[in-house]
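Visitor: Just need the structure, nothing else, for what follows:
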Amino acid sequence: MLVKVFGSAVFGIDATTITIEVNIDKGIGYHLVGLPDNAVKESSYRIAAALANIGYNLPGKKITINMAPADLRKEGSAYDLPLAIGILAASGQLKKDDFSNCMIMGELSLDGSVQPIKGALPIAIQAKVDGFTEIFLPKENVQEAAIVHGLNVYAVENIADLINHFEGKIVLKTVELQEDNLFDVANDFSLLDFAEVKGQENIKRALEIAAAGGHNILLIGPPGSGKTMLAKRLPSILPPMTIEESLETTKIHSVVGKVQNVGLIKKRPFRAPHHTASSVSLVGGGSYPQPGEISLAHNGVLFLDELPEFKREVLEVMRQPLEDREVTISRVKFTVSYPSSFMLVASMNPSPSGYFMNDKGLSQSSSMEMNRYLNKISGPLLDRIDLHIGMAKA
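Guide: As a prediction, this is how the structure comes out:
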């Protein structure tokens, strides 16, 4: 018997619908085709244990599963749930064979419970575009998927609940996003508030100008002048996010699994990678590229503390994203683009010793050492930073 179930694959911040065809015939074997990675291939062991623990079984027949389109790489364990449902329906253990209006995604534990996945928001958006009316997801992912209007979102805690729902024994409740006053309140920065900063009036004025115009800024000052404190409080004076900005930011964070149980991201991101970060972690990458820090800071602030301590090649990869407001990662088989419209805030000491030359008794660096220290930052990168501000110790 042939049954078709529908899932989705995420590439960049967009998704593609995957048709999972399950055919069970005479013979013995388990054949999974359609360019699956190792995590997808291992699903048979998870599915067999999960079904056994809820009173069902993996049929002892020839099971052939095709994941179309076959030329797209399928990766991750998020296909466990649709594969299991397809096997149950094709073997007659589940009394339902029409799944044309629903999309199913989720990772199975050995006891049948459903674990969260990455990319639920772009998956839900694509499901709506492709005409699906229902989507079944792990309970940790339903808040972000509920953002999409016109799509019935169901939370699945255990595969047994989904089976009983399809057979009419129980009815899973749809999840709705609470939109009341969603964007009517200002961002809550109760822990880090710009108003808490006392003194440094000129520097605060410069940061207000930078926030108003979205300008990149470089803070130069000795230790204890408040560079990091001011930078961390900068998001509290940025304007609230619009619904479009919030959706785009949520899609990026959804791809890396950072919005479970959250729904819409309403606060502007603040990312502060350590100076030992690699260029791949900053701009994104990998065999199947994931967003980097500059994309996770989209519509927010990217703070680079101790700027000269970053490797020069790491800083240089930011030049194009700062100009184009997006980063394109190319691999042999495909190319992925991630938005990266962020406000860059960087801080640094004026010399290796940490002090200006005119700080008597404090600066122990020669002019040559200072020049070598400052030359770690290239001119083209400095040209992309609009405001360079010298700070005295408060």
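
Visitor: So which residues lie in contact with stretch 281-301, not counting its own?
Guide: Residues outside stretch 281-301 that contact it (C-beta atoms under 8 Å, 6 or more residues apart in numbering): 12-13, 73, 75, 231, 234-235, 238, 241, 245, 248-249, 252-253, 255-256, 258, 268-271, 273, 277, 280, 302, 314, 317-318, 321, 327, 329, 331, 336, 338-343, 345. C-betas here are computed from N, CA, C, even on glycine.

Visitor: What is the neighbour count of residue 323?
Guide: 10 (other C-beta atoms under 10 Å).

Visitor: let me redo that: residue 35
Guide: 14.

Visitor: If we ignore the residues flanking it in sequence, what's nearest it?
Guide: residue 73 (5.2 Å; C-beta to C-beta, 6 or more residues apart in numbering).

Visitor: for stretch 207-226, which positions count as buried?
Guide: 207, 210-211, 215-222, 225-226 (16 or more other C-beta atoms under 10 Å).

Visitor: Go through those residues and say which is closest to residue 91.
Guide: residue 216 (59.1 Å; C-beta to C-beta).

Visitor: ok, back up a step: and the buried residues of stretch 207-226 as TSV, adding pLDDT and distance to residue 120?
Guide: Below are those laid out as TSV (pLDDT from 0 to 100; distance: C-beta to C-beta, whole Å):
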residue	pLDDT	distance to residue 120
207	93	36
210	94	34
211	94	32
215	95	35
216	96	33
217	96	35
218	95	38
219	94	38
220	91	42
221	88	43
222	87	46
225	87	43
226	88	40
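
Visitor: what's near enough to touch residue 325?
Guide: 339, 340, 341.

Visitor: Only the buried members of those residues: can you turn that into a PyMOL selection?
Guide: Here is the PyMOL selection string for the buried members of the contacts of residue 325, based on 16+ other C-beta under 10 Å:
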select buried, resi 339+340+341
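
Visitor: could you dump the contacts of residue 325 to TSV with pLDDT?
Guide: Rendered in TSV, the data for these read as follows (pLDDT from 0 to 100):
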residue	pLDDT
339	94
340	94
341	95
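
Visitor: what's the spacing between residue 77 and residue 243?
Guide: 32 Å (C-beta to C-beta, to the nearest Å).

Visitor: I misspoke; the intended subject was residue 304.
Guide: From residue 304 to residue 243 the distance is 29 Å (C-beta to C-beta).

Visitor: what about these two, which has more around it?
Guide: Using other C-beta under 10 Å as the criterion, residue 304 and residue 243 rank with residue 304 on top: 25 against 13.

Visitor: Can you tell me who the more buried one pairs with across the strands?
Guide: residue 346 (DSSP bridges).

Visitor: I figured it hits residue 322, correct?
Guide: No: using C-beta atoms under 8 Å as the test, residue 304 is too far from residue 322 to be in contact (11.8 Å).

Visitor: joint contacts of those two?
Guide: What both residue 304 and residue 322 touch, as defined by C-beta under 8 Å, 6+ apart, is the set residue 344.

Visitor: ok, of the contacts of stretch 281-301, which come out buried?
Guide: Here, 16+ other C-beta under 10 Å leaves 12-13, 73, 75, 231, 234-235, 238, 241, 245, 248-249, 252-253, 255, 268-271, 273, 302, 314, 317-318, 321, 327, 329, 336, 338-343, 345 buried among the contacts of stretch 281-301.

Visitor: which one is residue 370 nearest to, not counting chain neighbours?
Guide: residue 351 (4.5 Å).
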